[in-house]
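Enquirer: need coordinates for the following:
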Amino acid sequence: MPEPAKRRSRRVARLQPDPDAVEKVAVFVEDGLPQNKIASLLSLSTSMTSKLVDQATEMGLIEKITRCTLPDDRKDLLRQDAVLTERLHEQLKAFAQQHQVPSVDRVRVFATAAGKIRENPSWDNATWDFGNKAAPWCLDLLLPDQTVGLTYGRTLAALIAGIKELRGAARPVEPPVLVVPLWGEPLGPRAISDSDVFSDPTKLGSTGLVQELHQILNGPERVHRALSLDFVPCFQPADPGYPRTRFQYVMEFASSVSCYHLVFGHRRGLFPRVASPPKPQNTPLDIPPLVEVPQDRRPLADHLDVILTSVGTTEHPGRFLRGEYFMQGDIDRETLKRGALGDLGGVFIPDPSVTVEQTDRDYVESVNGRWTGISLDHYRRCALRAREDGLPGVTVLAVGSLRGEIVRECLRLGLINTLAIDTECAQRLESLTK
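Expert: Numbering: from 1, shown residues only. Prediction:
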């Protein structure tokens, strides 16, 4: 019986490192020896060798060197964007102070996919790439129990696709995020898609994007409870082709089969003077329990915690709606382009330049007055609430240098709380705000 005890004693003694073991381990690590080889040289177990490596690291005898395997040009671009983000944010604070408006709260620049821009002059590939890069950052802005409004368009579609990839099969958000459509639908048949990337125009509208994001965040079993403005025309046709009184009854019907009143309330001028009686409770048209909203938070457009939106340029104002809206809305596109810098999520922003005729600016305002969706006042209200309550607020995503001018004007008006842009737009915006 004593023999096994002696053997066990000798084995324990053999595993004890000598006083210089930590330093020896450090030297052998520098020589590039694997831990199993070091253990053999020092007659140690692999677990003891691992502990000695950790101890040598804690003592500063071993320095861990982390090496990024990305190509040098990619690393340089990412460093440039990080520096540009910080520099641009400080410059935009000074710009806001100069114009005596609140500054943007959050800025993030994402590296431009230059190759994708060259491949597709429409920027659709670059927009898709940008949306996927911005998705993690924007997803962090969307918290449980928030009310999040969506406008429309390709940039948001790319962002939501990126969020879907990130979320995967993650558990539904609790309490649910209330996702709100902020635009109705274009009148008439949609134009045929001219994009290989965004081939289905039906998925670019406000309601389509809301249904997608609602399902991603709140779970597929709740998708039937998403808010919808499918039956709501996004604009009022021009008089005298379609008199206002006739359009009022169209809106009354559209509101009865959608969530329009819940989102926008009883918008002045869009409904007959004699309001319809309240809809009976517990009918099939009632909003499901998931999106039940207290009376003091109605209409939802006045109580948005986040608005996810993009901007349009003077070359493509109202890009998503350019075919249907301009053709069927009897819109003079050239006059609109002369008077507007572009649009913020569909709301056209007048060009403040002294060279612009006042009649052209007035035309821009008249076109905005025919929208049935979100208005400039809703953007202002959301931006103000966000600054008071520390919310993400009006969150603008923009790709490309051409969008620098419209982003600058929205900043000058104090309409943006959170800004996510690509390198091209950031560099242009930096030059415009010096």
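Enquirer: would you mind finding the longest helix in this protein?
Expert: Ranked by residue count under DSSP state H, the longest helix found in the chain is helix 72-98.
Enquirer: low-confidence bits of the chain, can you list those?
Expert: Across the chain, residues meeting the criterion (pLDDT under 70) sit at 1-17, 19, 113-122, 187-194, 223-224, 239-241, 273-294, 314-330.
Enquirer: grab the most central residue of it for me.
Expert: Among the residues of the chain, the one closest to the centroid is Cys138, at 4.9 Å (C-alpha atoms, centre = their mean).
Enquirer: what's the burial count for the closest residue to that residue other than its chain neighbours?
Expert: Spatially, and ignoring its direct neighbours in sequence, Cys138 is nearest to Leu159 (6.0 Å; C-beta to C-beta, 6 or more residues apart in numbering). Every C-beta, even on glycine, is put in place using the N, C-alpha and C of the backbone. Leu159 is flanked by 30 other residues according to other C-beta atoms under 10 Å.
Enquirer: now do the one 5 residues further on
Expert: Around Lys164 sit 15 other residues, with neighbours defined as other C-beta under 10 Å.
Enquirer: equivalent analysis for Gly339, please.
Expert: For Gly339, the count of nearby residues is 26 (other C-beta under 10 Å).
Enquirer: which secondary structure element contains the closest residue to it other than its chain neighbours?
Expert: Of all residues not flanking Gly339 in the chain, Asp360 sits nearest, at 3.3 Å (C-beta to C-beta, 6+ apart). For Asp360, the enclosing helix or strand under DSSP states H and E is helix 358-368.
Enquirer: which residues are in contact with the residue nearest to the centre of the chain?
Expert: Taking C-beta atoms under 8 Å, 6 or more residues apart in numbering as the contact definition, Cys138 lies against 159, 163, 308, 395, 397, 420.
Enquirer: repeat the analysis, applying 7 Å as the threshold.
Expert: In this structure, Cys138 makes contact with 159, 395, 420, judged by C-beta atoms under 7 Å, 6 or more residues apart in numbering.
Enquirer: with Leu415 instead?
Expert: Applying C-beta under 7 Å, 6+ apart, we find Leu415 in contact with 344, 379-380, 383, 394.
Enquirer: so the residue nearest to Cys138 touches Asn132, yeah?
Expert: No - under the criterion of C-beta atoms under 7 Å, Leu159 makes no contact with Asn132, lying 8.2 Å away.
Enquirer: against Phe247, how distant is Gly269?
Expert: Counting by C-beta to C-beta, to the nearest Å, the gap between Gly269 and Phe247 amounts to 10 Å.
Enquirer: these two: which is more packed in?
Expert: Phe247 (20 against 10).
Enquirer: excluding chain neighbours, what is closest to that one?
Expert: For Phe247, ignoring the flanking residues on the chain, the nearest one in space by C-beta to C-beta, 6+ apart is Gln236 at 5.1 Å.
Enquirer: hmm, the one you found is touching Gly369, no?
Expert: No - no contact is recorded between Gln236 and Gly369 when judged using C-beta under 7 Å, the distance being 8.4 Å.
Enquirer: which one of these two is surrounded by more residues?
Expert: With other C-beta under 10 Å as the criterion, Gln236 and Gly369 differ in neighbour count, and Gln236 comes out ahead with 20 against 11.
Enquirer: number of residues surrounding Arg338?
Expert: By the other C-beta under 10 Å criterion, the neighbourhood of Arg338 contains 18 residues.
Enquirer: just the element for the residue nearest to Cys138, please.
Expert: For Leu159, the host element (DSSP H and E) is helix 154-167.
Enquirer: check Ser258 too.
Expert: Using DSSP H and E, Ser258 maps to neither a helix nor a strand.
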